[in-house]
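Engineer: Sequence unavailable; structure follows:
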């Protein structure tokens, strides 16, 4: 069966595509930039087509010959995400109908209880479902609550709140009922829905076997993770808005994403029916504790397939590269450092590719931490996004407040800043052989200011560059020199 997966650079799409291949399907992935999927381990098993759901003229090649189309795109965290998702769904539905697609499958959110006013996040999910169900193509909508899996935004919120706060004052919504579902069960339903008969045209609630409050989920997480029982004190003072800022400060999830997620948690999310399980029988659903164990095992083994942060942020293809010959736009500030390294280039490269996350940035940790906190305070992503894998990077991944824009293995790592700055910024790190058994480390920071604020920003941080960037170059060189040669 020919399947089209949109959102393949995202958390669910990046896991679904290889599993559809394993199930024997032909898979085509739609992405605004093919480079974003260049380094995934299953890239050579799928067809990658460039296109943009906001531009109907680009969609025809993607839908040609497709039998089943998955709508997994979501603009959460971006400005005006409701309008973006509405237009994307309408363009997707039109293209699917014109191409003669036989089945649309959409992963949406839960329906709030009758009488509740839905949050913007859930309202958008429901609107997309209505558009797809009205497309004229048989459609299955899966309504999923909190998804438990390594790398999901919901799981990262739960994990960091529980691990970092042994005692907490909480809003009342932490006692609302939720029916969380393991990511493996979501994938089971997504794959199985492709084979449903054409007369199945409706939405389905999906959830795991446990109905819990968020407070109970935190206590159960603590027990599985071997942590003491948490002290949870409810209060009426914390509004959803304040709760979102609290979540944004404590967890890696930035306010732009935390706000709509928290607003959705105000509603109870319990399945009202379980009809899909009867249509798609499979292994017993994964209970909450087992889902947490599986997720923590993936994190411990550095085997996280996809993360919420990979899909967030602007598309790498939308930014001009500082190395483009045609790149222009007025003033460009640069900071360049070069260091000889008494170690071969492959050892230097291992240090370069391992920067960030728990490995740090090899320079003045307090300065990086303070800059990260300041970024969080103004609504930025800060440093807490970390990295998916301790040793390996892929194009398009988030790395703390950076986005991996380019990798030439063994030679070049280019990062694009996603912190809140009045301009655009990049950081390049290169490893070059010196021809005598050693290597040369080259580091370049590039800043394109936006208006007067951008020029003032550069002038303000310039005195710190000598400490931060020079120290970074020096310590990366030392790190390579002290790294033992791997045994064969």
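Structural biologist: Sure, I can see it. Small disclaimer: the values here were computed from a predicted structure and weren't measured. Numbers count the residues shown, from 1 in each chain.
Engineer: Okay, the residue of the chain most remote from its centre and residue 391: tell me how far apart.
Structural biologist: Distance from the centre of the chain peaks at residue 436, with 41.7 Å (C-alpha atoms, centre = their mean). Distance, residue 436 to residue 391, by C-beta to C-beta, to the nearest Å: 27 Å. Bear in mind the C-beta positions are built from the backbone N, C-alpha and C, glycine included.
Engineer: Repeat that for residue 337.
Structural biologist: Separation of residue 337 from residue 391 (C-beta to C-beta): 24 Å.
Engineer: Tell me which of those two has more neighbours.
Structural biologist: residue 337 (20 against 10; other C-beta atoms under 10 Å).
Engineer: Does the more buried one touch residue 466 like I think?
Structural biologist: No. Using C-beta atoms under 8 Å, residue 337 is not in contact with residue 466; the gap is 9.9 Å.
Engineer: which element is the closest residue to residue 45 other than its chain neighbours on?
Structural biologist: Distance criterion C-beta to C-beta, 6 or more residues apart in numbering; nearest residue to residue 45, sequence neighbours excluded, is residue 21 at 4.9 Å. In this structure, residue 21 sits in helix 13-22 according to DSSP states H and E.
Engineer: Just list what that helix packs against, helices and strands only.
Structural biologist: For helix 13-22, the packing partners by 3 or more C-beta pairs under 8 Å, 6 or more residues apart in numbering; DSSP states H and E come out as strand 2-6, strand 26-31, helix 183-193.
Engineer: So for residue 371, which of the ones you listed sits nearest?
Structural biologist: For those, the distance to residue 371 is smallest for strand 26-31, at 31.1 Å, taking C-beta to C-beta.
Engineer: Quickly run through the sheet partners of that closest one, with directions.
Structural biologist: Applying DSSP bridges, strand 26-31 is found paired with strand 2-6 (parallel), strand 47-50 (parallel).
Engineer: quick check: angle from that strand to helix 13-22?
Structural biologist: Interaxial angle, strand 26-31 versus helix 13-22 (axes from the mean of the first three to the mean of the last three C-alpha atoms, to 10 degrees): 160 degrees.
Engineer: contacts for strand 26-31?
Structural biologist: Strand 26-31 is touched from outside by 1-6, 8-9, 13, 17, 20-21, 37, 45-51, 53, 59, 62, 66, with contacts defined as C-beta atoms under 8 Å, 6 or more residues apart in numbering.
Engineer: Now list the buried members of these.
Structural biologist: Among these, those classed as buried by 16 or more other C-beta atoms under 10 Å are 2-6, 8-9, 13, 17, 20, 37, 46, 48-51, 53, 59, 62, 66.
Engineer: quick one, what contacts the closest residue to residue 236 other than its chain neighbours?
Structural biologist: Using C-beta to C-beta, 6+ apart and skipping the chain neighbours, the partner closest in space to residue 236 is residue 172 (6.4 Å). Counting by C-beta under 8 Å, 6+ apart, residue 172 touches 234-236.
Engineer: do you know how far residue 172 is from residue 233?
Structural biologist: Counting by C-beta to C-beta - residue 172 and residue 233 are separated by 12 Å.
Engineer: Need the residues touching each of the two.
Structural biologist: Common neighbours of residue 172 and residue 233 (C-beta under 8 Å, 6+ apart) do not exist.
Engineer: If you count neighbours, what's buried in the strand or helix carrying residue 426?
Structural biologist: Per DSSP H and E: residue 426 is located in strand 423-433. Buried residues in strand 423-433, counted by 16+ other C-beta under 10 Å: 423-432.
Engineer: With pLDDT and distance to residue 134 added, can I get those residues in CSV?
Structural biologist: Shown next, in CSV, are these (pLDDT from 0 to 100; distance: C-beta to C-beta, whole Å):
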residue, pLDDT, distance to residue 134
423, 88, 43
424, 88, 40
425, 90, 44
426, 92, 44
427, 93, 46
428, 95, 48
429, 96, 50
430, 96, 52
431, 97, 54
432, 96, 57
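Engineer: sorry, back to before: turn the helices and strands packed on helix 13-22 into TSV, including distance to residue 107.
Structural biologist: Output for these, formatted as TSV (distance: least, C-beta to C-beta, whole Å):
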stretch	distance to residue 107
strand 2-6	11
strand 26-31	15
helix 183-193	7
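Engineer: closest one to residue 119 among these?
Structural biologist: helix 183-193 (20.6 Å).
Engineer: That closest one to helix 13-22, inter-axis angle?
Structural biologist: Using the same axes, to 10 degrees: helix 183-193 against helix 13-22 is 50 degrees.
Engineer: Could you list every helix and strand that the longest helix seen in the chain packs against?
Structural biologist: Using DSSP state H to define each element, the chain has its longest helix at helix 451-482. Secondary-structure packing of helix 451-482 (3+ C-beta pairs under 8 Å, 6+ apart): strand 333-341, helix 345-353, helix 365-377, strand 423-433, strand 439-449.
Engineer: angle of that helix against strand 423-433?
Structural biologist: 20 degrees.
Engineer: Helix 451-482 relative to strand 439-449, how many degrees between them?
Structural biologist: Using the same axes, to 10 degrees: helix 451-482 against strand 439-449 is 170 degrees.
Engineer: and helix 451-482 with helix 365-377, angle?
Structural biologist: 140 degrees.
Engineer: Work out the gap between helix 451-482 and the centre of the chain.
Structural biologist: Its chain's average C-alpha position is 27 Å from that of helix 451-482, according to C-alpha atoms, centre = their mean, to the nearest Å.
Engineer: In it, which residues have enough neighbours to count as buried?
Structural biologist: So, applying 16+ other C-beta under 10 Å, buried residues of helix 451-482: 454-455, 457-458, 465, 468-469, 471-473, 475-480.
Engineer: so which of those residues would you say is closest to residue 383?
Structural biologist: Using C-beta to C-beta, the buried residues of helix 451-482 come closest to residue 383 at residue 468, 13.7 Å.
Engineer: these two touch, right, that closest one and residue 370?
Structural biologist: No. Counting by C-beta under 8 Å, residue 468 does not reach residue 370; the two are 11.1 Å apart.
Engineer: And for residue 217, nearest residue in space, chain neighbours not counted?
Structural biologist: Closest to residue 217 by C-beta to C-beta, 6+ apart is residue 158, at 6.1 Å.
Engineer: Flag the shaky bits of this structure, pLDDT-wise.
Structural biologist: 77, 237-246, 248, 311-330, 378-379, 485-488 (pLDDT under 70).
Engineer: Among the strands paired with strand 26-31, which comes closest to residue 91?
Structural biologist: Using C-beta to C-beta, the nearest of the strands paired with strand 26-31 to residue 91 is strand 2-6, at 10.6 Å.
Engineer: Tell me the buried residues in stretch 431-451?
Structural biologist: Burial within stretch 431-451, assessed by neighbour count using 16+ other C-beta under 10 Å, is assigned to 431-432, 438-449.
Engineer: Farthest pair within these?
Structural biologist: Going by C-beta to C-beta, the pair spanning the buried residues of stretch 431-451 furthest: 438 and 449, at 36.4 Å.
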